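Undergrad: Provided below are the primary sequence and the corresponding predicted coordinates.
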Protein chains: 2
Amino acid sequence: MTQATGPARSHPATLGDVARLAGVSIATASKALNGRSQVRAETRQRVIEAAERLSFRPNQLARGLLAGRTGTVGLLTSDLEGRFSIPILMGAEDAFGAGEVAVFLCDARGDAIREQHHVRALLGRRVDGLIVVGSRTDPRPSLGRELPVPVVYAYAPSDDPADLSIVPDNVDAGRIAVEHLLACGRTRISHITGDPGYLAARDRAEGARAALADAGLDLVGEPRFGAWSEGWGRAATALLLDRHPDLDAVLCGSDQIARGVMDVLRERGHRVPEDVAVMGFDNWQVLTSSSRPPLTSVDMNLEQVGRAAAHALFTAISGVRRSGIEALPCRVVIRGSTAPLS
Amino acid sequence: MTQATGPARSHPATLGDVARLAGVSIATASKALNGRSQVRAETRQRVIEAAERLSFRPNQLARGLLAGRTGTVGLLTSDLEGRFSIPILMGAEDAFGAGEVAVFLCDARGDAIREQHHVRALLGRRVDGLIVVGSRTDPRPSLGRELPVPVVYAYAPSDDPADLSIVPDNVDAGRIAVEHLLACGRTRISHITGDPGYLAARDRAEGARAALADAGLDLVGEPRFGAWSEGWGRAATALLLDRHPDLDAVLCGSDQIARGVMDVLRERGHRVPEDVAVMGFDNWQVLTSSSRPPLTSVDMNLEQVGRAAAHALFTAISGVRRSGIEALPCRVVIRGSTAPLS
DNA sequence: TAGCTTTCAGAAAGCCTTTTCGGTCCATTT
DNA sequence: AAATGGACCGAAAAGGCTTTCTGAAAGCTA
């Protein structure tokens, strides 16, 4: 089924073609199509019809060349595979797509060299701005202050406070998670979480502690840092139950950990949520909704982060710069694994 | 921290700036930088240094305007959320990024209107080609034959056989899955799968049957179509065990189903893989590696699909059209949930 | 020295659109 | 009738780059 047909496809129509067909000059055609006022209604109509007949689409390259703005932005992810980038990317794409901005997607695969390469390529294409999406919430190196276009960092903040970064508020996330458990009447709350090398893990733990302190309480045992996996959830729960068999809630650093926790709780004869409430983080649908019972989880509102980053970039492009780290609130999504203590 | 600084950033350097600094004409500067031959080595060196000093990046807009090719392609997904689009997108981005092609990402969110809008916008930006990524393997409406640029469909084939589509071979996937189970010495194999409205489900079942037939066997019971969920996996397994307590393998239509299947098998006292082998589909890391035991699964090689689509688009742009549906092989990733019958 | 080729640099056209400015035509005013 | 004004249209420049073609200078042969 392979056949060479040569690349010859008739050139897309240009404004000149439209003008010729309508019997006017190029200038008039342009004005007619762009709603400028210096055209008689009848002439405008003729041009519009001609444009339609040729299915004319103005060449954005030429337009961008002239205007100095291209209506494009670069979206630089360090890790497409990771599931956190995707919602952010969706939010940003959504916010831009609604306007007339097109998005160049570049995945650096966590490689600084490749990232640099992509930045240069994007600047060559004269993007109006850049969004840099990290794969974890830990600060990342800035692209530098010398770039000719504005940059907004999303999820992972830049390490240069002069840059603008939009991130989820993990401290607050830990806080609202605990507040939900307290509202359910739980008081003996333990925390099993992931890799302590992740700022997100430390932030959430800090927020959780703060909320407990506000209520005059403390965590049951120290926060247990480990890995973001089900396996760690299971192992940590086993240890935890040996030491503190009386706990009535476990706040988990991720939904995966929570799954492991629930498995061991059930195996050991603790009912969820009657005896022990369990909460996860990330609100990862496939895990939260198919577990038994469905898992209450903190959603980081990542789409919102993406949208906010896009919006910030927009305003930066039009001249209003901000800087610093802006933290967006998270939200608790309540499901069956937490319920008021009866 | 908000401060208005005005959009005034010094214009990026143009070829004219470079030429002036090097003391040559614009034409010479262009030739020097592009490795054309009509420049003395010494002059070329001077130009290159000047370009470096100004960190000159040729304006791709201007270049594209002139060349008629922009070095950009559109990547049109119908559903970014779905996890199948992502690896395809990664593969394509990877294949293009290696060349000098930039990718416009557009998510139509499953809406035909929005898709049409994006196509028009992309054509306005004079992309050299389009890749359309579907969210399921069922055929989707063609964008039409009248587009001025080549189009390649990935994952979901176009319903017009004149288009080129690159898809995973689900029939073969069902076949190799069963062949693996047979190689493990299993002969009483059952199939629990997802929504029968999905071509993928029907294709896999067909492939599985064909492989069994080749071995002179048949499925234990009819394939059980249902949903792609853990819940369905659990429910179907319960029914299945009642009717056929002697089975020694379950082939599942997805990793989620497989997880549910394994849960119920374990609860009913069947050991995996000693008594019953379990296989999933999709090779979704988070499910396969954290289940107990880790799940053997069929990987659809989606990155490969993306790369192949990118490559096909490349060759189409340079004039060699293909058409029809090209199915790429899948592969079995063996983990603990399948093992030779001892 | 005249005439040739070779080597290298620059002028200019072209890609497609927007916008400014000047010009034409007609209707109105003095 | 002449002058003014408004409505409409087109010529031309600009934006940054590539490419072709013209030109000039140098090196070579006869």
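TA: Nice, thanks for sending it over.

Undergrad: what sits against residue A:74?
TA: The contact partners of residue A:74, by CB atoms under 8 Å, 6 or more residues apart in numbering or on different chains, come to A:103-104, A:106, A:118-119, A:122, A:127, A:129-131. (Glycine included, C-beta is placed from N, CA and C.)

Undergrad: could you rerun that using 7 Å?
TA: A:104, A:106, A:122, A:127, A:130 (CB atoms under 7 Å, 6 or more residues apart in numbering or on different chains).

Undergrad: phi and psi next, for it.
TA: Backbone torsions of residue A:74, given as degrees, to the nearest 10, read phi -100, psi 140.

Undergrad: what's the answer for residue A:181, then?
TA: Taking degrees, to the nearest 10, you get phi -60, psi -40 for the backbone angles of residue A:181.

Undergrad: helices of the stretch 101-250 of chain A, start to end?
TA: Under the criterion DSSP state H, counting those that start in this stretch, helices of the stretch 101-250 of chain A are mapped to A:112-124, A:170-183, A:199-214, A:230-243.

Undergrad: for the stretch 51-200 of chain A, which segments count as strands?
TA: Ranges of strands in the stretch 51-200 of chain A, per DSSP state E, counting those that start in this stretch, are A:72-77, A:102-107, A:129-133, A:151-154, A:164-168, A:189-192.

Undergrad: can you redo those as a markdown table with distance to residue B:259?
TA: As requested, these are exported to a markdown table (distance: least, CB to CB, whole Å):
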| stretch | distance to residue B:259 |
| --- | --- |
| strand A:72-77 | 29 |
| strand A:102-107 | 29 |
| strand A:129-133 | 30 |
| strand A:151-154 | 32 |
| strand A:164-168 | 28 |
| strand A:189-192 | 21 |
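
Undergrad: to residue A:326, which of these lies closest?
TA: With CB to CB as the measure, strand A:164-168 is the member of those nearest residue A:326 (5.3 Å).

Undergrad: deepest-packed of the helices of the stretch 101-250 of chain A, please.
TA: When the helices of the stretch 101-250 of chain A are scored by mean count of other CB atoms under 10 Å in any protein chain shown, the highest mean neighbour count falls to helix A:170-183 (a mean of 22).

Undergrad: what's the neighbour count on residue A:295?
TA: Using other CB atoms under 10 Å in any protein chain shown, residue A:295 has 27 other residues around it.

Undergrad: try residue A:259
TA: Other residues close to residue A:259 by other CB under 10 Å number 25.

Undergrad: surely it meets residue A:292?
TA: No. Using CB atoms under 7 Å, residue A:259 is not in contact with residue A:292; the gap is 9.9 Å.

Undergrad: so how far is residue A:169 from the residue most central in space within chain A?
TA: Centroid-nearest residue in chain A, with CA atoms, centre = their mean: residue A:88, separated by 1.6 Å. Residue A:88 sits 15 Å away from residue A:169, going by CB to CB, to the nearest Å.

Undergrad: before we move on, what about residue A:201?
TA: 15 Å.

Undergrad: check residue A:106 too.
TA: On the measure of CB to CB, residue A:106 and residue A:169 end up 27 Å apart.

Undergrad: neighbour count winner among those two?
TA: residue A:106 (27 against 20).

Undergrad: I figured the more buried one hits residue A:118, correct?
TA: Yes. Between residue A:106 and residue A:118 a contact is recorded at 4.1 Å, counting by CB under 7 Å.

Undergrad: anything in contact with each of these two?
TA: With CB under 7 Å, 6+ apart as the test, residue A:106 and residue A:118 both reach residue A:76.

Undergrad: who in the stretch 101-250 of chain A is up against chain B?
TA: Contact residues, the stretch 101-250 of chain A versus chain B (CB under 7 Å from any CB of the partner chain): A:102-107, A:120-121, A:123-126, A:148, A:229-231.

Undergrad: could you list the low-confidence segments of the stretch 151-300 of chain A?
TA: For the stretch 151-300 of chain A, applying pLDDT under 70 flags no range at all.

Undergrad: between the residues of the stretch 101-250 of chain A next to chain B, which sits nearest DNA strand C?
TA: Distances from DNA strand C to those, taken as CB to the nearest atom of the strand, are shortest for residue A:126 (14.7 Å).

Undergrad: could you measure from that closest one over to residue A:217?
TA: Taken as CB to CB, the span from residue A:126 to residue A:217 is 56 Å.

Undergrad: ok, these two, which is more surrounded?
TA: Shown here are residue A:126 and residue A:217; by other CB under 10 Å, residue A:126 has more neighbours (21 against 16).
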